[in-house]
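Trainee: show me the folded form of this:
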Amino acid sequence: MERMEERRVLAGDGDYHLVMSGAGPPVLLLHGFPETHHCWRKVAPQLARAHTVVAPDLRGYGATLAPPGGPRGEGYSKREMASELVALMRALGFEQFAVVGHDRGGRVAYRMALDHPSHVVHVAVLNIVPTVEQLERMTPETALGYLPWFLLAQPAPLPERLLEPSAELFVRHALDTWCGTPGAIEPEAADAYVRAFNPVTIPGICADYRAALHLDRPLDEADRAAGRRITRPVLVLWGDKEAALGDGPLPVWQRWASDVRGHALPSGHFLPEEAPDEVAAAVLDFLTGGGD
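Mentor: Numbering: from 1, shown residues only. Take a look at the predicted model:
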């Protein structure tokens, strides 16, 4: 990502790789599967005109190094990942910040807003609903599209051994079939994601998905039963070609947060790459008090 400073920061037992740019109120950008911080390459420069942008590789992804997870994904629950990223931002000198998360990063973002409201001032989630809601909304028509949820969550080492010799096929299949805009993910970006999906990272990525089923889902269930809500403003963006979200996620998020706004964008799953200008404009408007 041009004109962005690369750094490594220790947080918890993770050795994080990140890029930074800009000046002003900080914004933490969290990528999704099967990508890295590189997915923000067209969004981050626009945000950096008015904000300090921090874009790390998530724990277990890209060039961020962390121990493999436990049998149920211990170490990779979104609660643990969120706490570690709060520590990362503190190490960079930021006690309060906005967070924008896509896909897996969105799951970390809303957990961070629930668990650390004194640190998160705004939260934007892209193309997701809470994990427990996502699992409950799956239908026979949409279940096949959630292959990673159930394949990667299988007990180790089955998915790791299946994926290692087929990593490129698996990543390119996800990029091609989830993208609603042909060609939106350039060959150099796809190549970068393939390189980042390797024997070093695959165990952590599988742990992320194991944690979703075994740890994150029960956390969500407990919060929902207790009536816990996100108290910070929430922006929800989704792709109008993302069939799995049905008529849109806003009604779901309105049960989880007090101040929710958002809209669909012309995109499939990979919003930061398929509609980067629209994402940047919506986030900037949200952070300055505008929005729907």
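Trainee: in the stretch 1-150 of the chain, which spans are strands?
Mentor: Residue ranges of the strands in the stretch 1-150 of the chain, as given by DSSP state E, counting those that start in this stretch, are 5-11, 14-21, 26-30, 52-56, 97-102, 120-126.
Trainee: how about JSON lines for those, with mean neighbour count added?
Mentor: For glycine as for every other residue, the C-beta is placed from the backbone atoms N, C-alpha and C. Converted to JSON lines, those look like this (neighbours: other CB atoms under 10 Å):
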{"stretch": "strand 5-11", "mean neighbour count": "14"}
{"stretch": "strand 14-21", "mean neighbour count": "21"}
{"stretch": "strand 26-30", "mean neighbour count": "26"}
{"stretch": "strand 52-56", "mean neighbour count": "26"}
{"stretch": "strand 97-102", "mean neighbour count": "27"}
{"stretch": "strand 120-126", "mean neighbour count": "26"}
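Trainee: quick one: which of the ones you listed is nearest residue 136?
Mentor: Nearest to residue 136, of all these, is strand 120-126, at 17.3 Å by CB to CB.
Trainee: in its sheet, what does that closest one sit against?
Mentor: Sheet pairing of strand 120-126 (DSSP bridges) gives strand 97-102 (parallel), strand 234-239 (parallel).
Trainee: and those strands as CSV, adding distance to residue 12 and mean pLDDT?
Mentor: Putting the strands paired with strand 120-126 into CSV (distance: least, CB to CB, whole Å; pLDDT from 0 to 100) gives the following:
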stretch, distance to residue 12, mean pLDDT
strand 97-102, 17, 98
strand 234-239, 26, 97
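Trainee: same list (those strands) but as TSV, adding distance to residue 71.
Mentor: Below are these laid out as TSV (distance: least, CB to CB, whole Å):
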stretch	distance to residue 71
strand 97-102	26
strand 234-239	33
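Trainee: one step back: residue 157 is nearest to which of the strands of the stretch 1-150 of the chain?
Mentor: Closest approach to residue 157 among the strands of the stretch 1-150 of the chain (CB to CB): strand 14-21, 21.8 Å.
Trainee: ok and the closest one relative to strand 5-11, angle-wise?
Mentor: If you take axes from the mean of the first three to the mean of the last three CA atoms, to 10 degrees, strand 14-21 sits at 150 degrees to strand 5-11.
Trainee: would you put the C-alpha positions of strand 14-21 in PDB?
Mentor: What follows is strand 14-21, C-alpha atoms only, in PDB (Å, rounded to 0.1, in the frame of the first residue of the first chain):
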ATOM      1  CA  GLY A  14       0.600 -11.700  18.700                       C
ATOM      2  CA  ASP A  15       3.300 -10.100  16.600                       C
ATOM      3  CA  TYR A  16       1.200  -7.800  14.400                       C
ATOM      4  CA  HIS A  17       2.100  -6.500  11.000                       C
ATOM      5  CA  LEU A  18       0.300  -3.300  10.100                       C
ATOM      6  CA  VAL A  19       0.400  -0.200   7.900                       C
ATOM      7  CA  MET A  20      -0.300   3.300   9.000                       C
ATOM      8  CA  SER A  21      -0.900   6.600   7.200                       C
END
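Trainee: please renumber the chain so that the first residue is 787 from this point on.
Mentor: Shifting the count to begin at 787 puts that one at strand 800-807.
Trainee: that strand packs against which elements?
Mentor: Here strand 800-807 touches strand 791-797, helix 830-833, strand 838-842, helix 864-877, going by 3 or more CB pairs under 8 Å, 6 or more residues apart in numbering; DSSP states H and E.
Trainee: mind putting the ones you listed into TSV with distance to residue 891 and mean pLDDT?
Mentor: Converted to TSV, the helices and strands packed on strand 800-807 look like this (distance: least, CB to CB, whole Å; pLDDT from 0 to 100):
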stretch	distance to residue 891	mean pLDDT
strand 791-797	15	97
helix 830-833	13	97
strand 838-842	9	98
helix 864-877	9	98
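Trainee: of the strands paired with strand 906-912, which is nearest residue 1010?
Mentor: Of the strands paired with strand 906-912, nearest to residue 1010 by CB to CB is strand 1020-1025, at 15.6 Å.
Trainee: low-confidence ranges, the stretch 787-936 of the chain, go.
Mentor: Low-confidence segments of the stretch 787-936 of the chain (pLDDT under 70): 787-788.
Trainee: next one: the stretch 937-1078 of the chain
Mentor: Residue ranges of the stretch 937-1078 of the chain with pLDDT under 70: 1029-1030, 1032-1033, 1076-1078.
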